[in-house]
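Participant: quick one, structure for this:
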Amino acid sequence: MVQQPWTTRPFEIGQDLQLPVYNLIEGEFTGELCNLDSTYFNNPLRRDIVSKVFHYFQVKGVKLNKYVLRKGDVAGSGKKPFPQKGRGASR
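Facilitator: Here you go, the predicted model:
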């Protein structure tokens with residue numbers, strides 16, 4: 001069976017996951033290690049979540065401006081547009 005990159009686990013199965021503790025006030029490591037449970041922190045990467053996060057950061061700063069053309073925005077005679085038949089027009 002061919003191993004696919006999105007189904008492989010980041011760490012070996014059965015390996016203890018230890019994370020060094022960092023002191024944010026002093027800005028250095030404390031020398032302590034925090035043990036992480038491998039059943040929660042050693043799961044395969046989910047492609048759908050990675051794709052959504054990538055798309056979010058790609059369009060994060062894009063500003064979308066949508067507006068309706070009004071009488072002054074279009075070229076023409078300047079005559080007020082009249083309602084069309086069948087679209088809420090009263091007779």
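
Participant: any idea of the mean pLDDT in stretch 60-73?
Facilitator: Per-region confidence: stretch 60-73 scores 78 on mean pLDDT.

Participant: roughly how far does I49 sit from N43?
Facilitator: 11 Å (Cβ to Cβ, to the nearest Å). Backbone N, C-alpha and C define where each C-beta goes, glycine included.

Participant: so P44 touches I13, yeah?
Facilitator: No: counting by Cβ atoms under 8 Å, P44 stays clear of I13, with 11.4 Å between them.

Participant: can you name the element that comes right after the worst-scoring helix or strand of the chain on mean pLDDT?
Facilitator: Lowest by mean pLDDT, DSSP states H and E among the helices and strands of the chain is helix 38-41, with a mean of 84. Per DSSP states H and E, helix 38-41 leads on to helix 47-58 as the next helix or strand towards the C-terminus.

Participant: quick one: distance of that next one to the chain centre.
Facilitator: Centroid separation between helix 47-58 and its chain, computed with Cα atoms, centre = their mean, to the nearest Å, is 5 Å.

Participant: now do stretch 9-18
Facilitator: Chain-centre distance of stretch 9-18: 27 Å, with Cα atoms, centre = their mean.

Participant: other residues contacting it?
Facilitator: Residues from elsewhere that reach stretch 9-18, judged by Cβ atoms under 8 Å, 6 or more residues apart in numbering: 33-38, 41-45.

Participant: picking up where we left off before, looking at P44 and I13, which one has more neighbours?
Facilitator: Between P44 and I13, counted using other Cβ atoms under 10 Å, P44 has the larger neighbour count: 12 against 7.

Participant: look up how far R9 lies from the more buried one.
Facilitator: From P44 to R9 the distance is 6 Å (Cβ to Cβ).

Participant: contacting residues around the strand ranked longest in the chain?
Facilitator: Longest strand in the chain, counting residues (DSSP state E): strand 28-36. Residues outside strand 28-36 that contact it (Cβ under 8 Å, 6+ apart) are 16-23.

Participant: make a markdown table from the residues you listed and add secondary structure and pLDDT to it.
Facilitator: Below are these laid out as a markdown table (DSSP: H, G, I helix; E, B strand; the rest coil; pLDDT from 0 to 100):
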| residue | secondary structure | pLDDT |
| --- | --- | --- |
| D16 | coil | 79 |
| L17 | strand | 86 |
| Q18 | strand | 89 |
| L19 | strand | 88 |
| P20 | strand | 91 |
| V21 | strand | 93 |
| Y22 | strand | 92 |
| N23 | strand | 92 |
